[in-house]
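S.K.: what would the 3D arrangement of this be:
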Amino acid sequence: MSPALEPIFSQRRRIIASVLVLIAALCFSAKAVLVKLAYRYEIDSISLLTLRMVFSLPFFLAIAIWAKNRAVKENRHIILSRRDWFYIFILGLSGYYLASMLDFIGLAYITAGLERLILFLYPTMVLGMNVLFFKKTVTRVQWIALALTYGGVALALLDRTQLGLGSNVPLGATLIFFSGFTYAIYLVGSGQYIAKVGSLRYTCLAMIAASIGVIAQHGIIYQWDLWHYPRPVYVLSIIMAIFSTVLPTFMMSEAIRIIGSGNVAIIGSIGPVVTIILGYFLLGESFGIWQLLGTILVIIGVLRISLK
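M.R.: Reported below is the predicted structural model:
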């Protein structure tokens, strides 16, 4: 490529990456709304999560096989030890099985907007784990950011539109918080394996592990009785699997490769706002001034932590 054209193509790649982040943020944000819509057809959280995994699993299997074959062809395939397989399986269960399970159950008790806001706290949890396990220090700015994020969540929880949902709101909020916590565990533990096998293959392996866990759980509890729900449940599950699981996962990975995690964090911060808007128009969820103020504080705080 001509040196004169390199800046043009570089700028074009950055624009494409930014668009990918926006689309991925929209897709991820729609997940909570899709779950709430499916709940209207009296499906339980375990069955709904299982359908999501059943419909997304073929994609992750195919991509994992493709990534392995490409690595072998390019002579950079890494053979994993039994220990590696074990830890990847455990991390997959934490990041995509347990976190998703807690998320789906919690959504039965709180609004989609509040769910996304609480999940958005996971960078603060990653920070806490780095301090606790890797002896990293928290700067003054980060302490202020932590105060902003958790103060923002407190404001959102105290909003009259949330308090009016019933006595199970604290339960739902707690479940969603621990969903974010288990996802943070996944992120903290994933670094060495992403460096070893690459983000594409690692993500596929983690999702396959989570799918095995979810499908096995459903078999134990419900004997895989999945095919008696109304048709809209399966339509919503397929949409969730493709557009709120498979596509945004790889869009985010590609965008991080091109423009870096900091820029992705800035653009992706639109997520909670998108969920509130979608919840308002598609679910009829109301929101008040304190929830909006709390959302702004959380976004500011999380961005400050993510961008260091």
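S.K.: which stretches of the stretch 1-150 of the chain have low pLDDT?
M.R.: Across the stretch 1-150 of the chain, residues meeting the criterion (pLDDT under 70) sit at 1-9.
S.K.: kindly recompute the last result at 50.
M.R.: Applying pLDDT under 50 to the stretch 1-150 of the chain flags no residue at all.
S.K.: quick one: the helices in it?
M.R.: 6-39, 45-73, 82-92, 99-106, 112-119, 122-134, 140-158 (DSSP state H, counting those that start in this stretch).
S.K.: check which helices and strands the first one sits against.
M.R.: Put plainly, it is helix 6-39. Under the contact criterion of 3 or more C-beta pairs under 8 Å, 6 or more residues apart in numbering; DSSP states H and E, helix 6-39 touches helix 45-73, helix 112-119, helix 231-241, helix 247-268, helix 271-278. Backbone N, C-alpha and C define where each C-beta goes, glycine included.
S.K.: dump those to a markdown table, plus distance to Phe177 and mean neighbour count.
M.R.: A markdown table is the format used below for those (distance: least, C-beta to C-beta, whole Å; neighbours: other C-beta atoms under 10 Å):
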| stretch | distance to Phe177 | mean neighbour count |
| --- | --- | --- |
| helix 45-73 | 17 | 18 |
| helix 112-119 | 6 | 27 |
| helix 231-241 | 22 | 18 |
| helix 247-268 | 20 | 18 |
| helix 271-278 | 15 | 22 |
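S.K.: could those helices go into CSV alongside distance to Lys31?
M.R.: Below are the helices and strands packed on helix 6-39 laid out as CSV (distance: least, C-beta to C-beta, whole Å):
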stretch, distance to Lys31
helix 45-73, 9
helix 112-119, 9
helix 231-241, 6
helix 247-268, 9
helix 271-278, 9
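S.K.: for Gly213, which of those helices is the nearest?
M.R.: For the helices and strands packed on helix 6-39, the distance to Gly213 is smallest for helix 45-73, at 8.7 Å, taking C-beta to C-beta.
S.K.: determine which of the helices of the stretch 1-150 of the chain approaches Ala255 most closely.
M.R.: helix 6-39 (4.4 Å).
S.K.: tell me which residues of the closest one are tucked away?
M.R.: For helix 6-39, burial by neighbour count (16 or more other C-beta atoms under 10 Å) applies to 17-18, 20-39.
S.K.: quick one, grab the pLDDT at Gly172.
M.R.: Model confidence at Gly172, given as pLDDT, is 92.
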